[in-house]
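Q: coordinates only, sequence not included:
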């Protein structure tokens, strides 16, 4: 089962919590179940959103270890990524026998940190002994192509194949230069030895959970690893997995990239909705999301409707899970239930934060009931053999509801280059804001009659996809005015997070 | 017991191997012994030198795990270091209420990689939304002040105190800005939770070894952690530890920084010498070090003599351990032995690479015999209350044999600033080439009548020292023309290193 | 009379030559006539196009002096522009009491040179004493706002008013910072003392010519100065002036900016066409423009037709002047004449390159005949009180024939800022490629059903306009593979230009 | 006759004023005399010092024209210099067939402006179409090698020879790349056509003055042009010329570079001294220089003595001219006169500021009397065939009184490169602070027992010298907190400079 969500608020709608609670619910019902989740990144942990191990009575443990360095997978991926970068710059410095054009290096560096100031940098300064000057930047580690290669790889051999074909630069003659050309693949494999292996933890009440592979479905494909998913499938009757952010982002990529690549499918798609997100989409102020407002919930249903429609486009069965918050009123919840009844969408309230597995049994039953009725496999949105613009248009129209796709000149040039190198047949891993169905974070609800803009197109030959960058999306987040990091501490050896902690030294910018 | 060495060749003289073999020898003699070693950095592993877990039958295991990410300590230290950097740039970006002068930020970023192109960079480019432009750079993680703070800390509380006082920048009015001012200390503690704890492994024949804290005695203090050393002392009768590179670098800092700070001392100092290093100091070509040449060994004894003298300056007992290589001839070894006899220096051949603990028993016996006779504690080279230039001069004259210390204008300005901020009473952690007793890597043997130049002076208030940069030393190494990374691979899940592997794509620079 | 042209080839269609010849023709007819021309820039002189003093027997003299430094006006303008920049950076360096945000500085530097590598630079590097790091760049001097202020000023007082209101940056609070705030206006006036005065030269046969103010109607407004034009009008019965590139660029700005601002008008508009440009628009290869091809001329007439239409939109009378080249055939010229007859457009062949004033008399007579019949003043394309997007749309539709105007996000943000600062009522000085009626240099002839894209919007409050940047247009040209500079020399004190000179050391890029 | 000075205050000691007044004095005596002076730079005009056309009744006119753009020579030189830079970067951009190493480009750009922020820049940013990124910077135009080539050239042919051999960069193989290799020489000659010709003006009372060639004897050679000097010699019996700053700077270069190169000599050397400068050297505060203090004058005589000694080292006759200021007391002037009498140095008070030529007749008579007694030609300080370090040492010891010359590593590397390229036989054009005989601006009076440091060594093969950079000297000045530019204006078409004008918006830095 795949757990996805409607277009989320900044705090998230509890997809991970619901996934965990759903698995706990299955376990309560005596089912053999396993979770397959994604590893958290340090970026959000210290940035705006916080950790990613569920909440309340629906958690995987040990929480703070998972949220921090965990088994070191992200660090290993970052090291492998950056070793390739260091070998590349070293090659240019030592006479550049491959003839790499320093201006045509596309391989950036990564760090698992929200670090805005590293987005655009000039390196190699300081004179003849300090490398060759060029423009580049850092992305956050989850956006690393090595992360994607690892997540999509079927095993060590496939990982090696993917690393081998990574394109890092072009020569002055526009010929591609690969990780293989730089003799970096072996050392990268060495660094990824343990990171390739799934990590087994458990929920707070003992349900097995494989936590492996990266998040950030806005700027990456944002699914846990194929090997973890398959390991879970091999050892349980039910596997609960998740796809990041709204269905239009994580779940689209789950199907069109991960399932197509690995031959997977979903028995059902649980769509997590919350009263407060629906209120936001219905026009309520961000600061008023705990004030009862059934009318706003009603107005926000368009967003839910679009996601339900999207699930059906893939030929999947939607089940709406209303993730209950303490401020939700019965009247508000009834608005959602009524809509689902009207639209013949299975609906259940999930109360797993407060009640753990017990709060997830009704959802689990609902899912079981529907999942067993499923017959046909899912239908991808596009054929790989279609051209990249056609694929882009199909996703934009079907998933986002866009009227038209614009390509900037830069994106058109990048597209021509990608096609010339023979990578036109790759799937798309679209980078887009998670805050809207459109590419504009201000467009809430169900935007209509809008255009989207492809700003640039990146080749990730090792991951096996191309990345259209939509709107203003960036692959390196920044910290907010007052990051979570300011409110975290270690007290008697225990990680403590005080949301209402000491005031920040930083003030809002003028 | 402290294991140090004469001025080394590029490949190292086997200090770690000898330390391990010595402990193995102690164990063979029925003694309760424990090793306290340093963790390897990925920089040399993929660069020129390779891993750092000993060799032959004198190794700590599991080798490749220790050499790679190990328990993730370096990654945690790097994350804590870089989080502080990200919070600093974030503060400047969001209106800069503390009034930090972007040009007076001294806190750089770190990465555990040899990456020359990151030495000097301009960050924050790309416009108003992408941070504030400024010049900075990356050091290798072992040179991180967080690494030093962790190594020198007596425990969590001391670590917190050290992090709190880290000075990251000056305001336009030249007031210091600390990690505390940026509210970063708690989050850094969180990231260092596990890294603070020593890691227990063992030698290939079962002798316990605590491997904890950082290497690079040329650009850092280069000793394993205080907590590991004290843990070892609490559980064994004999503890074998090491200090990086020649005695003038690692061991000087071991005594003047680590022992002074933590109240430690050494029972004996084992000085590792090799025939091939002595030949190099005696003028033999780098490519001829395996050709028998007793005359060159004889000529190179000056270097050995200076290190022996240095040990005695600290009031310590030197024991010379000749680390045997297969190419060494009896005649060559006899030259060293004869000198030691003449100078009344205890001498033993160490054959631990080939024979493990058995090859280390005679050295162990020699050390035990002398260590038990030791009476007085060691004498530091300088009093902390002396001025920084006086301290610098004392080290330069006593340890290096320099005639005079020059300070560049930049260094003089930095010195004035450090003194003005009230940090004149800190000890020195001198960054200097490991290839010579002087600050010029070309001056082999025992250079005489030379001057050294302090190029700059860095404040590491959290580590609790200042760093005079001597000569051309850099805190971020570069990769060689053909790095070890090109010859490493993962074969059937096992790390394989093929020194004579496939030819590099890189050619020597013109 | 205004002389304009159809969309030109890279070599230009002889607008300046025709203007000169037309004035010479008037003089031959006994009329009191004066030329008002623009000063050449060193950029094209040493770049691709060469000098700008007419040709053959229709030249202003002394040619090479006019083409080189002339009276130093451009250098003075560059100095005034760059002094303001230096004072701005000096202000930021010395404590920045005005609170300028270094990232929001919009004032770039200028140099009268085609120098691609200066387009995007980072300045202020090198440490605390060397200024504050920030991103900026250089434009070519003709694109300087000081150039425009000088050209549009009615005299010293007006120039001072314009300089005073130049906006160079925003503070962190988005308040504008002006040249006045930096106390730079007086010194700029001092530097512009002589540059403000028109320069009197003559044609090779003695017709007076005022050469004053800047070229580059693609990236600037590209008209000679108002004071020169008015001086000419005060001393002659007929004044011949020119507007750069095609009518859509220079002439549109001549009317909507210069004439509106200075209360001027044109008695007639001479539209220069050439057989070879029409062939290019008709699809002939660039290398085949001297091969007779009447059919291509016929196909290219659409471009001519659009420019004639544009002239009439302003309420002006078009006169087509066919600038004769030696390779033109009678049949080709007949094609143009026939079209003009059909469309009731006065037509004359201009043969001034070969025959000087004599070759211009028939054109002069034709112009006199029509100019005297003119009654109504011209109609601007837009009202200043209309919003910037409306003005942009009016020009794009009327002049270029565009279907729609797109604004990038960056341009939208800039627009919002300009409007917020209260400059929404300024006219537009559109920067657009000169090679097409559209913003895409590849679209020759009369493109239809196309969109244009506003990439950015610059405020030139001192000039008194805003600059929409269209397509890929850049305000700093680059040198070609083999610049004219390689073929120029001084021989016996005389400037020699050898088009077929020594081969370049530079080869085409891969 | 050469007019030089003692080590000056920031405002200058009136060398130009004295030169003019001396010539005026000669004219009053009925002699045929001509001045040969240097052109002012816009840098000091708008920076700290102001213009350079003399003062009071000893001025050359038209003052403000000479101080501003004058005949455009500096702009022409800047254009020629920067055209070479643009062609160089263009070459690298278009495939770089000469194989230039972008990191080994030594040719910077110039601008005639004090612009600190341009000292260190990174250019060529912005992507593939915008050039190749590299580090470089701007110098002030008087420091341009083209300026020096023009000043030292005997005519057009010699200028061409000098431009031809300018070395702008090295290839990766360390081969030199010249202006000739870039085919830039012809175009540079074209740009310098008029700048090569001397400019004739006159003093306010009609004495002819050739004003030609560049200032800044601290960072350039700082003499007027050879062609102007020779032109003056050909048309007058007496020629008065000047050399910038103290005798140790301008006059040393006048003899060792200009006279050696052009076969010139001086009949006498007038050494301008002022009471206020002597007071400064005697320890008086900068703010107390108008307070009578004969004791400070007495203490400052050491500086005068050293310059007198230096003149005699060259075998020249010194004549001390006390440039009278209104605040000078008789007692103070008597101190200087007494010293000169004691040391047998001819002495005269110059009162030309207040009295013009009349105030210069006694000095003129004194000079005539001594100049006619002169017999032997001057002796250069060094032979060209000596090595660069020997030449440097000779100047440092003889002229500055230094004990020792240190070379930084960077300077040593540059020296090795210069010698390898075969330019070890060139003379030195030493860049050094003008504020002290040493390389430290704080060391006033006659410093003793000091070392100087060569920080870097630049090759100026076209100028025909090498430039040792001493101490912290920079070739691009910065503006002060409140530059003169803030107090200049154009009033009724006249340049007005109000020293006590409106307060600056800039405050002193913290």
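A: Yep, it's here. All values reported here derive from a predicted model rather than from experimental measurement.
Q: I'd assumed residue A:177 was in a strand, is it?
A: Yes - according to DSSP: H, G, I helix; E, B strand; the rest coil, residue A:177 belongs to a strand.
Q: just the pLDDT at it, thanks.
A: On pLDDT, residue A:177 comes in at 98.
Q: nearest residue to it in space, please, no chain neighbours.
A: Spatial nearest neighbour of residue A:177, chain neighbours left out: residue A:169 (4.5 Å); criterion: C-beta to C-beta, 6 or more residues apart in numbering or on different chains. (Glycine included, C-beta is placed from N, CA and C.)
Q: could I get the average pLDDT for the strand or helix carrying that neighbour?
A: Secondary structure from DSSP states H and E places residue A:169 in strand A:167-171. Averaged over strand A:167-171, pLDDT sits at 97.
Q: what packs against that strand?
A: helix A:73-93, strand A:100-105, strand A:176-178 (3 or more C-beta pairs under 8 Å, 6 or more residues apart in numbering or on different chains; DSSP states H and E).
Q: is the second one anywhere near chain D?
A: Yes - for a cut-off given as C-beta under 8 Å from any C-beta of the partner chain, strand A:100-105 has contacts with chain D, namely A:101-104.
Q: burial check on the closest residue to residue A:179 other than its chain neighbours, number of neighbours?
A: In space, and not counting its chain neighbours, residue A:179 is closest to residue A:166: 4.2 Å by C-beta to C-beta, 6+ apart. By the criterion of other C-beta atoms under 10 Å in any protein chain shown, residue A:166 has 28 neighbours.
Q: show me what contacts residue A:166?
A: Residues near residue A:166 by C-beta atoms under 8 Å, 6 or more residues apart in numbering or on different chains: A:84, A:107, A:145-146, A:149, A:178-179, A:460-462.
Q: please apply the same query to residue A:4.
A: A:15, A:242-243, A:246-247, A:250-251, A:254, A:269-272, A:307, A:311.
Q: picking up where we left off before, what's the angle from the strand holding residue A:169 to strand A:100-105?
A: Interaxial angle of strand A:167-171 relative to strand A:100-105 (axes from the mean of the first three to the mean of the last three C-alpha atoms, to 10 degrees): 120 degrees.
Q: for residue A:455, give its distance to chain C.
A: 9 Å (C-beta to the nearest C-beta, to the nearest Å).
Q: for that residue, phi and psi?
A: phi -80, psi -30 (degrees, to the nearest 10).
Q: could you do residue A:225 as well?
A: Dihedral angles (degrees, to the nearest 10) for residue A:225: phi -70, psi 150.
Q: surely it and residue A:148 touch.
A: No - the pair residue A:225 / residue A:148 is not scored as a contact, 10.1 Å apart, by C-beta atoms under 8 Å.
Q: of the two, which one has the most company?
A: For residue A:225 versus residue A:148, neighbours defined as other C-beta under 10 Å are more numerous around residue A:225 (30 against 27).
Q: can you pull the contacts of that one?
A: A:150-153, A:198, A:212-213.
Q: need the nearest residue in space to it, chain neighbours excluded.
A: Leaving aside its chain neighbours, residue A:225 sits nearest to residue A:213 (3.6 Å; criterion: C-beta to C-beta, 6+ apart).
Q: in the stretch 201-350 of chain A, which spans are helices?
A: A:226-235, A:252-253, A:260-262, A:275-281, A:294-299, A:301-313, A:330-343 (DSSP state H, counting those that start in this stretch).
Q: could you give the angle of the strand holding residue A:169 to helix A:73-93?
A: Computed by the same axes, to 10 degrees, the angle between strand A:167-171 and helix A:73-93 is 10 degrees.
Q: sorry, back to before: now the helices of the stretch 201-350 of chain A in JSON lines, with mean pLDDT and mean neighbour count?
A: Formatted as JSON lines, the helices of the stretch 201-350 of chain A follow (pLDDT from 0 to 100; neighbours: other C-beta atoms under 10 Å in any protein chain shown):
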{"stretch": "helix A:226-235", "mean pLDDT": "96", "mean neighbour count": "20"}
{"stretch": "helix A:252-253", "mean pLDDT": "96", "mean neighbour count": "26"}
{"stretch": "helix A:260-262", "mean pLDDT": "95", "mean neighbour count": "18"}
{"stretch": "helix A:275-281", "mean pLDDT": "95", "mean neighbour count": "27"}
{"stretch": "helix A:294-299", "mean pLDDT": "96", "mean neighbour count": "20"}
{"stretch": "helix A:301-313", "mean pLDDT": "96", "mean neighbour count": "21"}
{"stretch": "helix A:330-343", "mean pLDDT": "96", "mean neighbour count": "16"}
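Q: chain D is nearest to which of the ones you listed?
A: Smallest distance to chain D across the helices of the stretch 201-350 of chain A (C-beta to the nearest C-beta): 28.8 Å, for helix A:252-253.
Q: so of the contacts of residue A:4, which ones are in strands?
A: If you go by DSSP state E, the contacts of residue A:4 have A:242-243, A:246, A:269-272 in strands.
Q: up against chain C, what does chain A have?
A: Within reach of chain C by C-beta under 8 Å from any C-beta, chain A has these residues: A:122, A:125, A:171-174, A:406, A:408-409, A:471-472, A:509-510.
Q: returning to that earlier point: I'd say the residue nearest to residue A:177 and residue A:103 touch.
A: No - applying C-beta under 8 Å as the test, residue A:169 and residue A:103 come out as separate, 9.4 Å apart.
Q: for burial, what's the neighbour tally of the closest residue to residue A:296 other than its chain neighbours?
A: Once flanking residues are discounted, residue A:296 sits nearest to residue A:282: 3.6 Å by C-beta to C-beta, 6+ apart. Counted with other C-beta under 10 Å, residues neighbouring residue A:282 total 21.
Q: go on, residue A:492?
A: As a burial measure, residue A:492 scores 6 neighbours (other C-beta under 10 Å).
Q: ok, residue A:432 to residue A:476 distance?
A: Shown here: residue A:432 relative to residue A:476, a distance of 16 Å by C-beta to C-beta, to the nearest Å.
Q: which residue packs closest to residue A:71, ignoring adjacent ones?
A: In space, residue A:71 is closest to residue A:199, 5.0 Å off (C-beta to C-beta, 6+ apart).
Q: what is whichever strand or helix holds residue A:405 packed up against?
A: Per DSSP H and E: residue A:405 is located in strand A:404-407. Applying 3+ C-beta pairs under 8 Å, 6+ apart, one finds that strand A:404-407 makes contact with helix A:388-395, strand A:451-460.
Q: which residues sit against the shortest one?
A: When contacts are defined by C-beta under 8 Å, 6+ apart, helix A:388-395 is touched by residues A:252, A:256, A:381-382, A:386, A:405, A:407, A:415, A:418-419, A:424, A:426-428, A:430, A:454, A:457, A:466, A:468.
Q: how far off strand A:451-460 does that helix point, in degrees?
A: Using the same axes, to 10 degrees: helix A:388-395 against strand A:451-460 is 130 degrees.
Q: just the mean pLDDT for helix A:388-395, thanks.
A: Rounded mean pLDDT across helix A:388-395 is 97.
Q: from the chain's centre, how far out does that helix sit?
A: Taking C-alpha atoms, centre = their mean, to the nearest Å, one finds the center of helix A:388-395 at 20 Å from the center of the full chain.
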